[in-house]
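Engineer: I'd like to go over a predicted model; first the sequence, then the structure.
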Amino acid sequence: QADFKYLAVLEFQDRGAVHYHMMCNSPYVPQRDLLQLWRKGGDDGGVDIRDIKQVDNVGAYMVKYMLKNTHDDRLQGNKAYLSSKGLAKSSVVRGTIVKDILKNYGISEDTEKVFESSYSSEHHGCVRYKEYNLKRL
């Protein structure tokens, strides 16, 4: 499918296996069918499919796994995610304009955050990530 779009986040499980959390624009595939295809490739792993419409905050779900392994030596200098070509990239916003943007959405310092984290980036320095769920405001 030429218009197939996806975002997958790598996660290292405690037992050492590599695990992916993926979102895509594919039509629904019954889990038994996907598991059958997966196992034809020789992998004995599992497949768990969920309808994204049931997820209240998809961004927080994906970012949680993106940030989970940031201190893992196996990812140093590498991305923790894979994405299809042509996906819209997020914007990096710095300085006082951040407060103006939040104000436009009715978000103040007192607004409850759904998720908050920080990390150090070679390219951006100290990055503070805060996520709000506008549906809950």
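Structural biologist: Cool, the structure landed. Just so it is clear, the model here is predicted, and its values are computed rather than measured.

Engineer: Please count neighbours and contacts with C-alpha atoms only from this point.
Structural biologist: Fine.

Engineer: what ranges of this protein fall below the confidence cut-off?
Structural biologist: The chain contains residues with pLDDT under 70 at 1-2, 39-46.

Engineer: how about the strands of it, start to end?
Structural biologist: All strands of the chain, identified by DSSP state E, fall at 6-12, 18-24, 81-83, 115-121, 125-131.

Engineer: Pull the residues that contact the shortest one.
Structural biologist: Contacts made with strand 81-83 from outside it, assessed by CA atoms under 8 Å, 6 or more residues apart in numbering, are listed as 5, 6, 7, 8, 9, 10, 66.

Engineer: Buried residues in it, which are they?
Structural biologist: Within strand 81-83, the residues that count as buried by 16 or more other CA atoms under 10 Å are residue 81.

Engineer: Can I have the buried ones of the contacts of strand 81-83 as a ChimeraX selection?
Structural biologist: Written as a ChimeraX command, the selection of buried residues from the contacts of strand 81-83, which uses 16+ other CA under 10 Å, is:
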select :7,8,9,10,66
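
Engineer: Tell me the one of the contacts of strand 81-83 nearest residue 95?
Structural biologist: Distances from residue 95 to those, taken as CA to CA, are shortest for residue 66 (23.9 Å).

Engineer: That closest one reaches residue 75, doesn't it?
Structural biologist: No - Residue 66 lies out of contact with residue 75 (CA atoms under 8 Å); the separation is 10.8 Å.

Engineer: got a list of what the residue lying closest to residue 6 once chain neighbours are set aside touches?
Structural biologist: Spatial nearest neighbour of residue 6, chain neighbours left out: residue 24 (4.2 Å); criterion: CA to CA, 6 or more residues apart in numbering. Residue 24 sits next to 4, 5, 6, 7 when contact means CA under 8 Å, 6+ apart.
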